[in-house]
Structures are given as C-alpha cells and as structure tokens.
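Chemist: Below are the sequence and a predicted model for it; my questions follow.
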Amino acid sequence: MKISANIKRRLLQTVAFGYSNPFLPNLIKGDIYKGKFKNFCNPGMNCYSCPAASLACPIGAMQAVSGSLDFGFSFYAVGIILAIGAVCGRWICGFLCPFGFFQDIIAKIPLPKFKIPKFLTYIKYILLLVFVLILPVALTDYMGMGKPAYCEYICPVGTLEGGLTLMAANPELADATGNIFLLKISILVITLTGCLFIRRFFCKVLCPLGALYGLLNKISIFRLQIDKTLCINCGKCADVCDMDVDPVKECMSSECIRCGKCVSSCPKNALKISMDHRDGVCGPL
Amino acid sequence: MMGKFLSKIKPGYIFLIAGLTAIAFGVLRGEVSMVFHKAVNICLECIGLG
C-alpha cells in the first residue's frame, strides 16, 4: 500500500504536535513543564507557557534574551532560526509547526475559503521588525529591561495555548486580566475567524517566525523547484496552493510553506522539492 | 581558483554555517540559561497579563 504525500505530511505534523505538547496532564494541573527540554527552541510556533509544551518558543526566546540586561541580542535563538531556515526555509511551517497544523485542522470546517490581498502578507514583516526586533530592546523599564512586545501585545498562539489553558485551570489568573488581555483576546478571535475563511491566516499575516523563514526561502538548501521545460501551464499547482502562491511564476516565494500539494497536483511532474539545484530549473543560485 | 571555489558555495550553506556559529556563540555566552529561565516560568506577558 502506497502512502500518499499528504498522509505522510499529516503524520509528520501529528508527530511534531505531539513532541511539542506531550505534557497533557499539565492542562488539568494548570502548571507548566519545567524540565531540561526547555533549554531548546521549537522550530515552529508553540508558546512555552502552554502547560503541555516541551520546548521554548524561538520568538519568545529571542525577545527575552534581547530585552535582558545581560545580552541585548539573542545569538542562540537567531542562530537556531537561521540554521533551520537555511536548510528548510518555510518547510518547517508546512510540516513541523504545531500552530500551522492547528490551522490546517480549522480549515477542514466546511466554509467558503477566500484568498487574501497580497499587501496584508507584509504585516508579518512589520510585526517582526517592530514588535520582535525593535521594541524589546528600545522599550525598556526604569531598570533597562525590555519586554517581549510581540508576546505581550500580539501573539494569539500564547493567548490560546498559554493564556486560556492556564486561566481555565487557575481561576485566580482570570481575575487578574485587564485591557491587554482584551486586546490579545480580540486578536485571537480575529485570527481564529480568519482561519475559518482564509487558509493559514496566521501564517500569512501575523507570524514573525514565518516571516523569518520566508526570507530564508530564497536561499534555502532544500527548496521547491520547477522544470519549465515540462510545465504545460495548466494552473493546477496554483489552484491547490493554500498560501496563494503560483509556483510557476514564483517557485521561491517567501510565502511557500513547501507543503508539497502543488508537487502532487502536477500532471507532468514538473515540480519537486529537493536539494538538487540543477541548471535550467527555477531555483538554482 | 579560490574565487571559483567560493562561487560554487550556495548561500544556503553560508547561512547554515552562520547560524551554527551564532548558536555556539550564544551558548558560550550563557544565553541558554536565560531562555531556560524564561521558558520554565509562566510568562505573564505571553498569556496576556503582563
């Protein structure tokens, strides 16, 4: 029996979701895992304040170290993202990101799906620059310590995985909520509603990690490639793309999450995801 | 000859080496303990209470 590429992907996504969130009993206890795995960053978006989480969030780690008195910049977290992104690009988003998998599940709800205007996809780069890179360093308290601005004001992943789960188990935390929580809940509602009608809404618009991996898509070792001598321009690859990419026109798009749907849909096997950068094929450098 | 060799190196490999070097530098200057400290305590900012 041959297992389809899509089933393999779903299995890998399930495994990634599992190793990212194995401590499920903590959801009832209302506490978080405090073991050694928290020294390492998850390659995808997964809040480290989620009770079930096993690893640190790379975006949270980046802001925490950058905003600290001792360091000012996180070589460790940036290095992890750079190394993973240089090899895989946004393949991580398509296969290993727990919140990406969550969005794929939400998208299964049978509602009409829409494409997103291209300019909205630039919001994630602004969020990366302002809330992840600048504000944690520039906006400091009287002691000189910065705050993780993206986590504090934007991140719907943290609100869902950390905030709501911890508040469900610890009602005293819910009593301490204020205007910032209202803001974050509003962003979460917008995100979840967006995911119902737009595939991978969070990845397209709000994810700073996806923005970083997207920038590395263009140089990554492992990449989508098209052999234009085989392509018949049937448009099937563009039709099936969840990220609204036309692989024929831009096979190294920063939006491509390398999910492989276009590869499976191509009747001429003109598309492939590989490390083999051949001349005459879109993608070589 | 050196120029020919360098032109064959893909940018992806250069970024990979840069990333691994950055990880090593971050580990050596003790960033991991900061990440660990942040990750094992409930982050009030992350959950919307900060």
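Modeler: Sure thing, it's come through.
Chemist: in chain A, which ranges drop under the pLDDT threshold?
Modeler: Low-confidence segments of chain A, defined by pLDDT under 70: A:276-285.
Chemist: Please, where are all the strands along it?
Modeler: Ranges of strands in chain A, per DSSP state E, are A:223-226, A:271-274.
Chemist: Spell out which parts of chain B neighbour chain A.
Modeler: B:10-16, B:18-27, B:29-32, B:34-36, B:38-43, B:45-50 (C-beta under 8 Å from any C-beta of the partner chain). (Glycine included, C-beta is placed from N, CA and C.)
Chemist: Apply 6 Å and report the result again.
Modeler: B:10-12, B:15-16, B:19-20, B:22-23, B:25-26, B:31-32, B:34-36, B:38-40, B:42-43, B:45-50 (C-beta under 6 Å from any C-beta of the partner chain).
Chemist: ok, now which ones touch the residue most central in space within chain B?
Modeler: Nearest to the geometric centre of chain B sits B:Ile23, at 4.2 Å (C-alpha atoms, centre = their mean). Listed by C-beta atoms under 6 Å, 6 or more residues apart in numbering or on different chains, the contact partners of B:Ile23 are A:Tyr76, A:Gly79, A:Ile80.
Chemist: Roughly how far does the second one sit from chain B?
Modeler: Relative to chain B, A:Gly79 is positioned 3 Å away (C-beta to the nearest C-beta, to the nearest Å).
Chemist: I figured A:Leu196 hits A:Pro110, correct?
Modeler: No - using C-beta atoms under 6 Å, A:Leu196 makes no contact with A:Pro110, being 10.2 Å away.
Chemist: Between these two, which has more neighbouring residues?
Modeler: More crowded of A:Leu196 and A:Pro110, by other C-beta atoms under 10 Å in any protein chain shown: A:Leu196, with 15 against 6.
Chemist: Skipping its backbone neighbours, what lies nearest that one in space?
Modeler: Computed as C-beta to C-beta, 6 or more residues apart in numbering or on different chains, the closest residue to A:Leu196 that is not its neighbour in sequence is A:Leu111, at 5.4 Å.
Chemist: The residues of chain B next to chain A in helices, which ones?
Modeler: B:11-12, B:15-16, B:19-20, B:22-23, B:25-26, B:31-32, B:34-36, B:38-39 (DSSP state H).
Chemist: Residues contacting stretch A:119-135, please?
Modeler: A:Ala149, A:Tyr150, A:Ile154, A:Lys204, A:Val205, A:Leu206, A:Cys207, A:Pro208, A:Ala211.
Chemist: residues contacting the second one?
Modeler: When contacts are counted by C-beta under 6 Å, 6+ apart, A:Tyr150 touches A:Phe131, A:Val132.
Chemist: Tell me who's in contact with the residue nearest to the residue nearest to the centre of chain B when sequence neighbours are not counted.
Modeler: Of all residues not flanking B:Ile23 in the chain, A:Gly79 sits nearest, at 3.6 Å (C-beta to C-beta, 6+ apart). A:Gly79 is in contact with B:Gly19, B:Ala22, B:Ile23, B:Gly26, counting by C-beta under 6 Å, 6+ apart.
Chemist: Could you export those residues as CSV, including distance to A:Thr121?
Modeler: Shown next, in CSV, are those (distance: C-beta to C-beta, whole Å):
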residue, distance to A:Thr121
B:Gly19, 24
B:Ala22, 27
B:Ile23, 29
B:Gly26, 30
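Chemist: just curious, which of those is nearest to A:Lys34?
Modeler: Nearest to A:Lys34 among the contacts of A:Gly79, counting by C-beta to C-beta, is B:Gly26 at 21.4 Å.
Chemist: Surely the closest one touches A:Phe73?
Modeler: No - with contacts counted by C-beta under 6 Å, B:Gly26 stays clear of A:Phe73, the gap being 9.1 Å.
Chemist: Tell me which of these two has more neighbours.
Modeler: Neighbours around B:Gly26 and A:Phe73, counted as other C-beta under 10 Å, are more numerous at B:Gly26. The numbers are 24 against 16.
Chemist: Not including adjacent chain positions, what is the nearest residue to that one?
Modeler: A:Tyr76 (2.8 Å).
Chemist: Can you give me the neighbour number for A:Cys203?
Modeler: 29.
Chemist: if I look at it, how far off is chain B?
Modeler: Distance of A:Cys203 to chain B, given as C-beta to the nearest C-beta: 19 Å.
Chemist: Let me see the contact set for that residue.
Modeler: Counted by C-beta under 6 Å, 6+ apart, A:Cys203 has contacts A:Cys93, A:Gly210.
Chemist: if we can go back for a sec, buried ones among the residues of chain B next to chain A?
Modeler: B:10, B:12, B:15-16, B:19, B:22-23, B:26, B:31-32, B:34-36, B:38-40, B:42-43, B:45-50 (16 or more other C-beta atoms under 10 Å in any protein chain shown).
Chemist: pLDDT-wise, which helix or strand of chain B ranks last?
Modeler: helix B:2-8 (a mean of 60; mean pLDDT, DSSP states H and E).
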